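# Could you work out the structure for the sequence below:
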Amino acid sequence: MTDTKTTAVTDAVLDAEVDDIRIRFAVEIKSRPPYPGETPRLEPVRDRLATVGVPLLVAPLITESTGRALTEAQWSWADTHGNADVRARGIRISCRVPSRSVRRTRRGMPRGSGSWSIIRSLISDGVVEGEAELAERAGVSQPRVSQVLSALSAAGLVERQGRSTWTVDRSALLDSFSNHYADTRGFTSWFYSLDSPHQTCERIMAAGESLQADTVISGDVAADRLVPWRVPTHTTVYTGDHRLAAHLELTPAQGPDDANVELIVPADNSVLRIRREDDPALAHPMQVILDLQRLGGADRHEAAERVREWLLAR
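The predicted structure follows:
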């Protein structure tokens, strides 16, 4: 029988038996999966659960990056899609469901550049005052806006308040988009520069302006301009013009491991279409978060969380 003290510490207790080995798991249930950068903040929770049993975190879809961060932080974990990494004395369960199986269960998260443009705008605005206005801003048709809003409503991410007014659960929509967004970087050119990332961005943006090429800054430099916290070490710029790479006086690199500059022609046009409104040289904060998570490292994950907090506080 589980005592009152145990139930106060855990959301649930799971007793497992494999052959002659008995293991008790102390379960923490989350309504959303944590960001990789949030795992250090879960350390007190993990230590509290460890007084009862092996800490086991359960949440909706846990991405590969989040799963790795949880495992490195000495969590066992499982999600509602069948993915898991459970480690205890005499027990090791590791499972990653094929992505196509997960994709079939992603109700309410429309895909495609037009849909992503709408979703980026919704994350920024929080309220829709007319579908026609949202369609114009996102660069899509009004019927497409209606389809996306209906799908997001069915998923509980937006709620209709009137004939043409919708309210957005910005935090939940941001998390869902972050978990489900495909890597659509398209074509990437890598370079190395001895200049600071800020100086390198200025050179690339100037070259883009001379070519009348659509360019936008993301990653380290954009995060530093939004929420200064860590010194940028990497340059990430998106462009709509393949010619720009040839006009940069930068040292070509063999690949990402030898580079500190990446120039990306995105397959997803929403990266260039939806930007930070008061500084169009910067990518939408959601893209900045995605790139920080992609580039990796504990400090970048923390920076991503700070950008997230800044975005949701606006």
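# going forward, measure contacts and count neighbours with C-alpha atoms only.
OK.
# And the protein, split by domain according to the record?
According to the domain assignment given by automatic domain parsing, the chain is divided into the following structural domains: 7-101, 106-180, 187-313.
# I'd like those domains as JSON lines, with mean pLDDT and mean neighbour count appended.
JSON lines is the format used below for these (pLDDT from 0 to 100; neighbours: other Cα atoms under 10 Å):
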{"stretch": "domain 7-101", "mean pLDDT": "85", "mean neighbour count": "17"}
{"stretch": "domain 106-180", "mean pLDDT": "87", "mean neighbour count": "18"}
{"stretch": "domain 187-313", "mean pLDDT": "92", "mean neighbour count": "19"}
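# Could you check how far residue 47 is from residue 73?
Here residue 47 is placed at a distance of 11 Å from residue 73 (Cα to Cα, to the nearest Å).
# Ignore what I typed, I meant residue 196.
Distance of residue 196 to residue 73, given as Cα to Cα: 33 Å.
# just residue 54 next, same as before
Relative to residue 73, and taking Cα to Cα, residue 54 is found at 13 Å.
# Name every strand pairing with the top strand by length along the chain and say which way it goes.
Of all segments of type strand in the chain, defined using DSSP state E, the longest is strand 21-29. The strands beside strand 21-29 in its sheet (DSSP bridges) come out as strand 12-18 (antiparallel), strand 54-59 (parallel).
# Quick check: what element follows that strand along the chain?
Counting by DSSP states H and E, the next helix or strand C-terminal to strand 21-29 is helix 43-49.
# Can you tell me the element the spatially most central residue of the chain falls in?
Central residue check for the chain by Cα atoms, centre = their mean: the C-alpha nearest the mean position is that of residue 178, 3.2 Å away. Under the assignment given by DSSP H and E, the secondary-structure element containing residue 178 is helix 170-180.
# Can you tell me what sits against that helix?
For helix 170-180, contacts defined as Cα atoms under 8 Å, 6 or more residues apart in numbering pick out 32, 61-63, 106, 109, 119, 122-124, 126, 157, 286, 290, 312.
# Let me know the secondary structure of residue 223.
State at residue 223, reduced to three classes by DSSP: H, G, I helix; E, B strand; the rest coil: helix.
# so how far is residue 62 from it?
If you measure residue 223 against residue 62 using Cα to Cα, the figure is 24 Å.
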